[in-house]
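what would the 3D arrangement of this be:
(chains A and B)
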Amino acid sequence: MTAGTGTLVRLALRRDRVFLPVSLMCLVAFAAGSAAATVGLYPTEASRVKAADAANATPAIRALYGPVYDPTSLGAIAMLKTTAFGALLVALVSALLVVRHTRAEEESGRLELMSAGVVGRQAPLTAALTVAVVADVVIAAITTLAVVGAGLPWAGSVAFGLTWAAAGIAFAGVAAVAVQLTERSRTATGITVSVLGAAYLIRAVGDVGDGRHWLSWLSPIGWSQQIRPYAGNRWPVAVLPVLLAVVLVGVAHTLVARRDLGAGLMAARPGPASGAPGLRSPLALAWRLQRPLLAAWTAAFAVLGAVMGSIASDVGGFLDSAESRDLIVKLGGVHGLTDAFLATEFGFLAVFASAYGIQAALRLRSEETEQRAEPVLATAVSRAAWLGSHVVVALGGTALLLAVAGLSAGLTNGAQTGGLGASVRRLVPAALVQVPAVWVLVSIVVVLVGLAPRAATGAWGALLVFLLIGELGPLLHVAQVVQDVSPFAHVPRLPGGAYSSAPLLGLMATTAVLLASGFIGFRRRDVG
Amino acid sequence: MQNAIEVSGLHKAFGHTVALDGLDLTVATGEVHGFLGPNGSGKSTTIRVLLGLLRRDAGAATLLGGDPWRDATRLHRRLAYVPGDVTLWPNLSGGEVIDLLGRLRGGLDPARRTALLDRFELDPHKRGRAYSKGNRQKVALVAALASDVELLILDEPTSGLDPLMERVFRDVIAEDAATGRTVLLSSHILAEVEALCDRVSIIRAGRTVETGALADLRHLTRTSIEAELAGPPTGLEGLPGVYDVLVRGHRVTFDVDTVHLDDALKALTRLGVRTLASQPPTLEELFLRHYVENDPAGHAVPATP
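From the prediction side, this is the model:
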């Protein structure tokens, strides 16, 4: 049943010869950069305790990164930002690997070609899991070495690597089941990412609220945190995610044995015999193709916004010490804990919205490479109209996501503070102020599609770089010129901060120039 | 009457790979034109240039009196295209794709759509990912054939169809041609080209090697003769244009250049003919000769991507 696994593993490594090393380098840089930047900041135990207490007293930080479990430990403070958040990224890489080498191959029909050879029924799943687990372990091992190199103790660093590997392995298991459920790899990715997002969110709620800590134990990302690297190194906890993965992989193999090649457990329904009257323009087609993705993201943003809004109203009750105020100012907060919390969270929402925007705009590229652009462009549809259709969905979709998050944050926050209308009027614009920065990311995809189509997925790299600049730039005292490269650096911090339209107009102008270059480039180049 | 397609000296390279190397193609308005060539010879590249999807490096191309690159959108209202490798949107049904492509082209004839669905026995309810290769091709065919356009550009449209459906396809194209539609048919199925096409162009490695009416092209090939004679066949080897003479008793088989057919037959009748079977030159022979025999090295030229 698993004959040919070795060959498939080699094939997967060959296909991922860029993706794997790049992911590895980014993740190692994230951990090592964070460690190197913070190790020197807190030389004395007193300074560490002060910083850790401040962090633990700040709900925004606990929600995003989790608590500092040992205030005296240098490693626990230095790696606060990278433990749970890094585990999330490793889990994402791991899950994407599994989907890419199982359902995506099956959906494309390539697996059928392979399955006719000496390839066992279980071999593709086994090979994909092997690649994912080995990748997780290698990432964890190299990260451990890099973090030790940055000056942190061995035992804690090994435990830190373990938090990442454990999350990666657990979500390889989640993806293994998800790809059995549906015929489409996009849907499988969607299911896995939703579970991952829910896991992160559950632990965020558990980490913030007093008396809700048990919630963190329902989340695989929460388990990773509970290994508590540099703060007790609770090795046995790592058994939980691995055990989960073993169970899920067992379920996945059972499902493989029961289903047909190409089929999912959720059967596809027949479609309409004729097109709806409105299905008559490239925009209608783009909307039809992108609707499910946007609907899923909108639901996620509504939930995220609601959680943020309700957590934010607790913030006022927390200790407003000089230390925490100091830390919040360091984080960029200006007035008030609630505002600082929401402004920080909206900044993160902008990154997530950019991820959606990039994904939506990259549909242009997949439509072209999968030869579905050709029949449309062979009709009376102009190239500008075709390109514009997906761009409109990506730009409108990102704005919609942020508006929805702002609205639901305003509603939950207002419901608890008593000023519903005022809260909504304050938070919707605060979320929308992020839109111009997000649009820059969308327009980066468009300019690449127009001028360097093969490099279009490089937009993900741009997002990662901007994220790293935002996270590490201030800590590493990177030159302001470099920090200004990130569009997110120019967004006014709302609510609470001073509003200024000049940087937003600058971002809009950048977007316009990039979009125009993309459109001109696309009109002049070969298609297909 | 103006030609529907006029291409001369067309060049197109992808990096170091030369796809088209001075290709010529003329398709008269109202004719069905066969476009032949081995895999990778540049057929699809030519079609993509004609559709304005690829920009030509050099040479002239006129499509329906316009420039295929500059006037693409305007010209596309007047033509319909069936790609060789049809990929559909996985979550759109066949019926939706037919309507969408037809509307984007400027509308389709609902009665014709229904008739074609019926003739091709296509279920429009299925979603893109559920169709087989042949059925995906049928979706693209119905979308193209149900549109009221002057020109059909078909890139190996029957490569996934079963023989029954191929027959339906031939009937529909023959009916369309009778109404004056111009068709450019790229194909590997020589019987199909012989049945449908008025003229053919044969290309190899991005160049046109032969073009003309099928009847004219036949003169360039050989006829196979099998005869039983009154006496032993002698003196046939020496005749001009006669090849591969095989004698078994009083029976003889040989190939003869069509231009020398008369001389060969006279030689046979002098020997006394008991039975005679002749096989006319097929397009296949023509095709094979251009790909195998015309190559100086004596073997087929490997296809270029």
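
hey, let's count contacts and neighbours off CA atoms from now on
Noted.

contacts only, for residue A:183.
Counting by CA atoms under 8 Å, 6 or more residues apart in numbering or on different chains, residue A:183 makes contact with A:103, A:107, A:262, A:263, A:264, A:266, A:268.

that should have said residue A:402, apologies.
Per CA under 8 Å, 6+ apart, neighbours of residue A:402: A:301, A:349, A:350, A:353, A:428, A:431, A:432, A:434, A:435.

taking the residues you listed one by one, which sit in helices?
Counted as lying in helices by DSSP state H, out of the contacts of residue A:402, are A:301, A:349, A:350, A:353, A:428, A:431, A:432, A:435.

next, residue B:255: phi, psi?
Residue B:255 adopts backbone torsions of phi -110, psi 150, taken as degrees, to the nearest 10.

quick check: closest non-adjacent residue to it.
Once flanking residues are discounted, residue B:255 sits nearest to residue B:224: 4.4 Å by CA to CA, 6 or more residues apart in numbering or on different chains.

I'd assumed that neighbour was in a strand, is it?
Yes - counting by DSSP: H, G, I helix; E, B strand; the rest coil, residue B:224 falls inside a strand.

beta partners of it?
Taking DSSP bridges, one obtains residue B:255, residue B:279 as the residues bridged to residue B:224.

for residue A:484, give its distance to chain B.
To chain B, residue A:484 is 37 Å away according to CA to the nearest CA, to the nearest Å.

may I have stretch B:191-202 exported as CSV, CA atoms only?
Extracted C-alpha coordinates of stretch B:191-202, given in CSV (Å, rounded to 0.1, in the frame of the first residue of the first chain):
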residue,chain,number,x,y,z
ALA,B,191,-9.1,11.5,-42.3
GLU,B,192,-10.9,14.4,-40.7
VAL,B,193,-8.9,16.9,-42.7
GLU,B,194,-9.4,15.0,-45.9
ALA,B,195,-13.1,14.9,-45.3
LEU,B,196,-13.6,18.5,-44.4
CYS,B,197,-10.9,20.7,-45.8
ASP,B,198,-10.7,22.5,-49.1
ARG,B,199,-7.1,23.4,-48.7
VAL,B,200,-4.3,22.5,-46.3
SER,B,201,-1.1,24.0,-45.1
ILE,B,202,1.6,21.7,-43.7
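
chain A contacts on chain B?
For chain B, the contact set with chain A under CA under 8 Å from any CA of the partner chain comprises B:51-55, B:72-77, B:79-83, B:86-89, B:91-101, B:103-106, B:124-127.

follow-up on the earlier one: residue contacts, the residue nearest to residue B:255?
Applying CA under 8 Å, 6+ apart, we find residue B:224 in contact with B:253, B:254, B:255, B:256, B:278, B:279, B:280, B:281.

hang on, isn't the third one packed against residue B:244?
Yep, that's residue B:255 we're talking about. Yes - between residue B:255 and residue B:244 there is a contact under CA atoms under 8 Å: 6.2 Å.

quick one: contacts of stretch B:189-204?
So stretch B:189-204 is in contact with B:23, B:25, B:31-38, B:41-43, B:170, B:173-174, B:185, B:187, B:208-214, B:283-284, B:287, B:291, going by CA under 8 Å, 6+ apart.

can you count the residues close to residue A:89?
Residues lying near residue A:89 (other CA atoms under 10 Å in any protein chain shown) number 18.

for it, which three-state class applies?
Classification of residue A:89 by three-state DSSP places it in helix.

the closest residue to it other than its chain neighbours: which element?
Distances taken as CA to CA, 6+ apart put residue A:27 closest to residue A:89, at 7.9 Å, once the chain neighbours are dropped. Residue A:27 is part of helix A:19-39, with elements assigned from DSSP states H and E.

could I have the CA atoms of the helix or strand following that helix written out in CSV?
Going down the chain from helix A:19-39, the next helix or strand is helix A:45-56, by DSSP H and E. The C-alpha trace of helix A:45-56 is given here as CSV (Å, rounded to 0.1, in the frame of the first residue of the first chain):
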residue,chain,number,x,y,z
GLU,A,45,16.9,40.0,36.5
ALA,A,46,15.1,43.1,37.8
SER,A,47,14.8,44.5,34.3
ARG,A,48,13.5,41.2,33.0
VAL,A,49,10.8,41.0,35.7
LYS,A,50,9.8,44.5,35.1
ALA,A,51,9.4,43.9,31.3
ALA,A,52,7.7,40.6,31.8
ASP,A,53,5.2,42.0,34.3
ALA,A,54,4.4,44.8,32.0
ALA,A,55,3.9,42.3,29.1
ASN,A,56,1.7,40.1,31.2
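
helices or strands up against helix A:45-56?
helix A:59-65, helix A:74-78, helix A:322-330 (3 or more CA pairs under 8 Å, 6 or more residues apart in numbering or on different chains; DSSP states H and E).

least confident of those helices, on average?
Among the helices and strands packed on helix A:45-56, helix A:322-330 carries the lowest mean pLDDT, at a mean of 57.

and the residue lying closest to residue A:473 once chain neighbours are set aside, how far from residue B:156?
Distances taken as CA to CA, 6+ apart put residue A:483 closest to residue A:473, at 6.2 Å, once the chain neighbours are dropped. Noted for residue A:483: a distance of 54 Å to residue B:156, by CA to CA, to the nearest Å.

coming back round to it: and the helix holding residue A:27, average pLDDT?
The pLDDT scores in helix A:19-39 average 87.

quick one on the thing from earlier: give me the pLDDT value at the residue nearest to residue B:255.
So, for residue B:224, pLDDT stands at 85.

that older thread, from the contacts of stretch B:189-204, which land in strands?
B:23, B:25, B:32-36, B:185, B:208-213 (DSSP state E).

show me the chain divided up by domain.
No chain was given, so I picked chain A. Domain assignment for chain A by automatic domain parsing gives A:1-264, A:279-528.

try chain B instead
Per automatic domain parsing, the structural domains of chain B span B:3-217, B:222-280.
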